[in-house]
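Engineer: here is a sequence together with a model predicted from it:
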Amino acid sequence: GNSVTQMEGPVTLSEEAFLTINCTYTATGYPSLFWYVQYPGEGLQLLLKATKADDKGSNKGFEATYRKETTSFHLEKGSVQVSDSAVYFCALTTSGGYNKLIFGAGTRLAVHP
Amino acid sequence: DGGITQSPKYLFRKEGQNVTLSCEQNLNHDAMYWYRQDPGQGLRLIYYSQIVNDFQKGDIAEGYSVSREKKESFPLTVTSAQKNPTAFYLCASNDRDNQPQHFGDGTRLSIL
């Protein structure tokens, strides 16, 4: 079946450090891939997306590239800030009449000054 | 501003009681979804609806019920049959043409 696997957290970094959160997926067909971010006590916000192989999604300094050959969609940021502290979810949807989102377990990021 | 409104933000349930969580959207989206989030876990789909007066079970529908009488509203009832209801509940919506889902701010349900 379809699934998403994320690296376990928490990830703890100092401000201005480089961030990578690994995400790999298993899916039939050609899924769309997403990163969502959840700040404490809030719902999820879409961070970025990619809909086909080799697409790069980017937003707020975060980037992720859809790698079909390695079935990966790793999230990166060159210089994290304290305000980036949150839980990050990798997710996919399969093609079809509606978008059933399949989520990874989430990775908590804590950035210290 | 367009968005999804969930209420209440916090809800407490007594033993044997049914409680209803509200979800309203003014984005004119066709599809709406309910997810459950447990600590340290991802989101799991409870129910979804693609059109008014129609809805389907997700992965963990037992102990829950929904209705979709209006396009903008998709309430979730947590029944007494749900033995472990303590969780964070998130409502989402999107258009049916593969657009990303938009989420509300969630309702945290606890047991008294």
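Structural biologist: Perfect, thanks for sending it. Numbering: from 1, shown residues only, chains lettered A, B, ... in the order given.
Engineer: which positions in chain A make contact with chain B?
Structural biologist: A:4, A:32, A:34, A:36, A:41-46, A:49, A:51, A:89, A:93, A:95, A:97-101, A:103-106 (C-beta under 8 Å from any C-beta of the partner chain). Placement of C-beta: from N, CA and C, glycine included.
Engineer: so what are the sheet partners of the lowest-mean-pLDDT helix or strand in chain A and their directions?
Structural biologist: Among the helices and strands of chain A, strand A:101-103 carries the lowest confidence by mean pLDDT, DSSP states H and E, at a mean of 89. With DSSP bridges as the test, strand A:101-103 is paired with strand A:86-93 (antiparallel).
Engineer: what about the partner strand, average pLDDT?
Structural biologist: Averaged over strand A:86-93, pLDDT sits at 94.
Engineer: give me the below-cutoff pLDDT ranges for chain A.
Structural biologist: A:95-99 (pLDDT under 70).
Engineer: can you give me the strands in the chain?
Structural biologist: Using chain A here. A:3-6, A:11-14, A:19-21, A:23-26, A:32-38, A:44-50, A:56-59, A:62-65, A:75-77, A:86-93, A:101-103, A:107-112 (DSSP state E).
Engineer: my bad, chain B
Structural biologist: Going by DSSP E, chain B shows strands at B:4-7, B:10-13, B:19-25, B:31-37, B:43-51, B:54-57, B:64-66, B:76-78, B:87-94, B:102-103, B:107-111.
Engineer: can you name the residues of chain B sitting close to chain A?
Structural biologist: Residues of chain B lying near chain A (C-beta under 8 Å from any C-beta): B:4, B:6, B:31, B:33, B:40-45, B:48, B:50, B:58, B:90, B:92, B:94, B:96, B:98-106.
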